[in-house]
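Student: sequence first, predicted model second:
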Amino acid sequence: MNRLRFEVKNNQGCFIFPETWYESLLEKFNELLDSFDEDE
């Protein structure tokens with residue numbers, strides 16, 4: 001599944017993000033960190 005889901009556990013709602021979303025987010029975050037490191 002490659003879509004955002006919402007589940008309720010112990011009377012609390014939480015969003016379940018697909019793992020594929022994290023991979024691209026981590027890549028972008030690492031690129032951002034690298035650009036800051038180059039500026040210093």
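Tutor: Thanks, I have the structure now.
Student: need the strands for the protein, in chain order.
Tutor: Secondary structure of the chain (DSSP state E): strands located at 5-9, 12-16.
Student: local confidence estimate at Leu32?
Tutor: Note for Leu32: predicted pLDDT of 91.
Student: ok, Thr20 next?
Tutor: Value for Thr20, per-residue pLDDT: 76.
Student: try Glu23
Tutor: 77.
Student: returning to that earlier point: save the strands of the chain as JSON lines, and put in distance to Lys28 too.
Tutor: No exception for glycine: its C-beta is placed from N, CA and C like everyone else's. Listed next are these as JSON lines, based on distance: least, CB to CB, whole Å:
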{"stretch": "strand 5-9", "distance to Lys28": "22"}
{"stretch": "strand 12-16", "distance to Lys28": "19"}
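Student: turn those strands into a markdown table, including distance to Leu26 and mean neighbour count.
Tutor: Formatted as a markdown table, the strands of the chain follow (distance: least, CB to CB, whole Å; neighbours: other CB atoms under 10 Å):
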| stretch | distance to Leu26 | mean neighbour count |
| --- | --- | --- |
| strand 5-9 | 20 | 8 |
| strand 12-16 | 17 | 9 |
